[in-house]
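Chemist: predicted coordinates and the sequence they were generated for:
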Amino acid sequence: MKDFIIPQFAPGDDRDMGTPARLGAPVSLLVDGIAVTVPEGTSVMRAAAEAGIDIPKLCASDNMEAFGSCRLCVVEIEGRRGTPASCTTPVAEGMVVSTQTARIQRLRKGVMELYISDHPLDCLTCAANGDCELQDAAGQVGLRDVRYLPGDNHFDPSGTGARSQAEARLRMPDGVANPRWTPKDDSNPYFSFDPSKCIVCSRCVRACEEVQGTFALTIEGRGFGSKVSAGMAGDDFLSSDCVSCGACVQACPTATLQEKSVIELGQPKRSVVTTCAYCGVGCSFKAELNGDQLVRMVPYKQGKANHGHSCVKGRFAYGYAEHRDRILKPMIRDRIDEPWREVEWDEALAFAANRLKGLQEKFGRQSIGVITSSRCTNEESYLVQKLARAVFLNNNTDTCARVCHSPTGYGLGKTYGTSAGTQDFDSVDHCDVMMIIGANPTDAHPVFASRMKKRVREGAKVIVVDPRRIDMVRSTHIEAAHHLPLRPGTNVAVVTAMAHVIVTEGLYDEAFIRARCDWGEFQHYVDFVRDPRHSPEAIEALTRVPAADLRAAARLYATGGNAAIYYGLGVTEHSQGSTTVMGIANLAMLTGNIGREGVGVNPLRGQNNVQGSCDMGSFPHELPGYRHVKLPEVRAIYEKAWGVEIDPEPGLRIPNMLDAAVEGSFKGLYCQGEDILQSDPDTHHVAAGLAAMDCVIVHDLFLNETANYAHVFLPGSTFLEKDGTFTNAERRINRVRKVMAPKNGYEDWEVTQLLANAMGADWHYTHPAQIMDEIAATTPSFAGVSFDLLDEKGSVQWPCNATAPEGTPMMHVDHFVSGKGHFIVTEYLATDERAGPRFPLLLTTGRILSQYNVGAQTRRTENVVWHPEDVLEIHPHDAEVRGVNDGDWVRLASRAGETTLRAKITDRVAPGVVYTTFHHPSTQANVVTTDFSDWATNCPEYKVTAVQVSPSNGPSDWQESYTEQAERSRRILPAAE
Amino acid sequence: MHANAPAPTEEEIRALAAPLASLEGPLLPMLHAVQETYGFIPENAVPVLADILNLGRAEVHGVVSFYHDFREAPAGRHVLKICRAEACQSMGGSALAEATLRKLGIGWHDTTGDGALTVEPVYCLGMCACAPAAMLDDRVVARLDEARMDRLLSEAGA
């Protein structure tokens, strides 16, 4: 018996196992004499990989189904004829596999020789040198010669029989052109496609289909003429359906699809695993570097939120970190009409601290406040709210979640007892019906949308409730079972009508409700929804949703198996945002869709750390862990930890701060990593509030729009330059790791600490791990969290404490956090924002794939090729009656303000509804949005604004005067020598 | 439809193809219908068929380009497909094919100058027992020799 050494793989191991994992009964076999037991359905290739044996392969990868085309992975199996491909051969009990017989080695060499006969011999000057699977496979099979004479090929542009492209270039002057050779396609800003290096393994095509779900690529032609093609004849990558997610680049075994950054900078030699700082999916990435130069971001296979997938933002749009607009030195000025003055950190901090202290002395303790950022880490948000509570001694802390998911916190808190989504992302793999309400995942949460689309292709049904025909309604290989194109602002009526159908048709899950919910409240709720005024027929005129469709959708949700609800800001950003959240929670309880895989209520969080910033006590009424400041026992914990007395009264919310500023009682603001001028509604009001303050401190990467009204600018650090944690939409706490030193000198948490100390505090954190320890020590749902645990496990989902030491992927499994689930009556109340004769259309706002939020980052990357400006989507009918043509400038006016932008005529929006994004400050869509907000949480009503659209020939007065003011306020005087 | 006819509009293609959408495996029948009606697969048909079937236009392009039978440009008034598979070759098919092309003064896949005839290679018409064989438009002809070929050519007006 041989003495085998079975290799042990570390948890961070990201080897390619060749084919996807399977679930099934155990099957035992022998691979090269090593006994392996794997689940039934596993390929021989994967079983060998489990035993530590790498079978050479080119067309197989473990994130896509086996394809069996490259013929390199052949093996011999006792009792079977021939040499089957190990990737497409499933294991069988007692199988005896040999991967390295003389016959197999000969075959592999022959196959490899054929591949190389149509591949240029330019390895040393190739961008993939050192990271090329073709090169590795040639080395592994021991290829030593290519006996074929130069002949028909795809790689030699000269057509002279050159064996490398270098040689072809030398011969080119009198060479003969090769009709099979195709030039490089450089149309995508981030990667190039060089067909001359392609081995036609189809991995890119399959990655685009299976992983991303876009189907932008194909194999054109057949036989030797086969080639990869983006789109159809005449298309290049940019004009094709490609969304630049990078899955094809990741899948390519050669340099055919290659990041331009690698072509320019060379192969990275060092990598750090960290977390993307864009949306709430929270993808794990490997930042790959040479020295402190970032070469590329590669999605990390072991990342539990993304499983190795990425989108155009996280994968490629990091160039803002080195953009020339980035400010690296602190700046101050006395008044906002003065130019900025560059100063040293000490002077800037002393200036800020003195002003803030002076304001508190003159106008009282409540006259200043902070805004924490959903873009910064948990540790940074925690410190900023601690600054308000322990140094300013008030509760004037708020966060941008105010303007996005605050109704989620309120609504789910009231019904289920906790302010978070119920599932992990993996749960979608078990779902049979997904109801998507007011969310546009293919644009705003693209990596998770790919998971959803995959599940839909496997047979799950989709219900979309959205005024716009989003891609989840219909796009390549996706077709929703029901699209309910409701009138903006009528969410509550639709959700309540669904409950009406479920109750009156007896589709509710009585056993679940009796066991898990408050029965008395349920009966009260049933009496409410049973009322015929909530029937789909009764609300049809109001919501414009055909009653039959609504009934069918409700039946499908209630009876279609595991039904999960995914929702976004189209639910929350309404005057009845909190009510809709509660209505959604009711639907899930009513149908028993809570507490197991494939179901639940899942808010899709907009920003990377919006969950975390809420968890960290950023709201004016809550200390970390969603505990009210009124509760003396909670205050006691922090009073002991911080050695101060905490104000028992809730502080000001963002809109209240601005109102108070206009009134003159609120004078100073420390705003970290947020651009409230561009992102918050009713820009005129925000501008008036900021202009009325005496000390606005902006802590950011760029002179953002808010900074036009600031007195102190503290340069921020990017996510690449700091340590900490982000918490994603599934409550997953992911590590952010510093991959380079902060270019501005300090990580953001250090700056907050410096400011606190300049105001007289005595903080001495030396690493964010210590801040997390303080959070864990004071917050029950984080009690078990530490950087050590995160480094060991990769990530954990809160609650993580003594009862769930490794975190909680799914909430409310046996009982609700609040004990019993609470049904809450959801009465529809029309918003005061109504279309009328002056403003007959309803504006709703959203996002686009390539841009992120206010665009401060993505506008400073090549992503602008996909979306250079905000446009107004308008239905052909509405455009026609206004004499608006596609591409015309139009004036968009509401009672709050007006702006101009270009029109895009499309039937994606219903008649009477117009839609735009808010990524560009030159448009400032929020000049138009109003100050109406959610009744419970003040979350602004971005999604409904009554507007009028008319032809225009240029920017509005506000746009012109704002541009002028912005230019004036961005002047910088260099530091005195 | 031939080279000088106006290209079909998207609406015309949709009207032609949409009724076939409920067939099992509808893309090939749609492509056949388009080719039958217009003589080729116009470029603007690709996104229309993709939209009807909810496929990527790359996928439709992949299918069209895979099958030699689908033409991306109009053919001559008649199409002659000469078999070049083994049985026909062994019965003098290659020489006959070359002589035919020489006579017409064109190469494979080309159309005669007057637009009368396009010649294409085909690999096996299932007529091996009576090789060499060819196909003029929809009609299979076998036991070809130069005289019979000439008759076919004059029938096609070439």
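Modeler: That came in fine, so what should we check first? Quick caveat: nothing in here was measured; it's all calculated off a predicted structure.
Chemist: all strands for chain B, in order.
Modeler: Using DSSP state E, the strands found in chain B span residues B:78-83, B:117-122, B:134-136, B:139-141.
Chemist: out of these, deepest packed?
Modeler: Most buried of these, by mean neighbour count (mean count of other Cβ atoms under 10 Å in any protein chain shown): strand B:78-83, with a mean of 23. From N, CA and C alone the C-beta is placed, and that goes for glycine too.
Chemist: that one pairs with which strands, parallel or anti?
Modeler: Partners of strand B:78-83 in the sheet, by DSSP bridges, are strand B:117-122 (parallel), strand B:134-136 (antiparallel).
Chemist: could I get those as a markdown table with mean pLDDT and distance to A:Val111?
Modeler: Shown next, in a markdown table, are these (pLDDT from 0 to 100; distance: least, Cβ to Cβ, whole Å):
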| stretch | mean pLDDT | distance to A:Val111 |
| --- | --- | --- |
| strand B:117-122 | 93 | 29 |
| strand B:134-136 | 94 | 37 |
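Chemist: residue 128: neighbouring residues, count only.
Modeler: As the question left the chain open, I've gone with chain A. A:Ala128: 21 surrounding residues under other Cβ atoms under 10 Å in any protein chain shown.
Chemist: chain B, not that one
Modeler: With other Cβ under 10 Å as criterion, B:Cys128 counts 17.
Chemist: and for A:Asp14?
Modeler: Around A:Asp14 there are 17 residues (other Cβ under 10 Å).
Chemist: now for it: which residues touch it?
Modeler: A:300-302, A:308 (Cβ atoms under 8 Å, 6 or more residues apart in numbering or on different chains).
Chemist: and if you look at B:Ala58?
Modeler: A:215-218, A:229-232, A:235, A:240-241.
Chemist: redo that, cut-off 10 Å
Modeler: By Cβ atoms under 10 Å, 6 or more residues apart in numbering or on different chains, the residues touching B:Ala58 are A:205, A:208-209, A:214-220, A:228-232, A:235, A:240-242, A:476, B:46, B:50.
Chemist: domain map for the chain?
Modeler: Using chain A. Using automatic domain parsing, the domain ranges for chain A come out as A:1-100, A:127-135+A:146-322, A:348-403+A:610-781, A:406-603, A:841-969.
Chemist: the chain in question should be chain B.
Modeler: If you go by automatic domain parsing, chain B breaks into B:10-66, B:78-155.
Chemist: confirm that A:Val391 sits in a strand.
Modeler: No: going by DSSP: H, G, I helix; E, B strand; the rest coil, the assignment for A:Val391 is helix, not a strand.
Chemist: what's the burial count for A:Arg169?
Modeler: Using other Cβ under 10 Å, A:Arg169 has 13 other residues around it.
Chemist: in which helix or strand would I find it?
Modeler: helix A:165-171 (DSSP states H and E).
Chemist: give me the pLDDT value at the residue nearest the centre of chain B.
Modeler: For chain B, the residue nearest the mean C-alpha position is B:Asp69 (4.7 Å; Cα atoms, centre = their mean). Reported pLDDT at B:Asp69 in the predicted model: 89.
Chemist: from what I see, B:Ala97 and B:Met91 are in contact.
Modeler: No: using Cβ atoms under 10 Å, B:Ala97 is not in contact with B:Met91; the gap is 11.7 Å.
Chemist: who has more neighbours out of these two?
Modeler: B:Ala97 (23 against 19).
Chemist: returning to that earlier point: would you format the domains of chain A as a markdown table with mean pLDDT included?
Modeler: Formatted as a markdown table, those follow (pLDDT from 0 to 100):
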| stretch | mean pLDDT |
| --- | --- |
| domain A:1-100 | 89 |
| domain A:127-135+A:146-322 | 93 |
| domain A:348-403+A:610-781 | 93 |
| domain A:406-603 | 94 |
| domain A:841-969 | 87 |
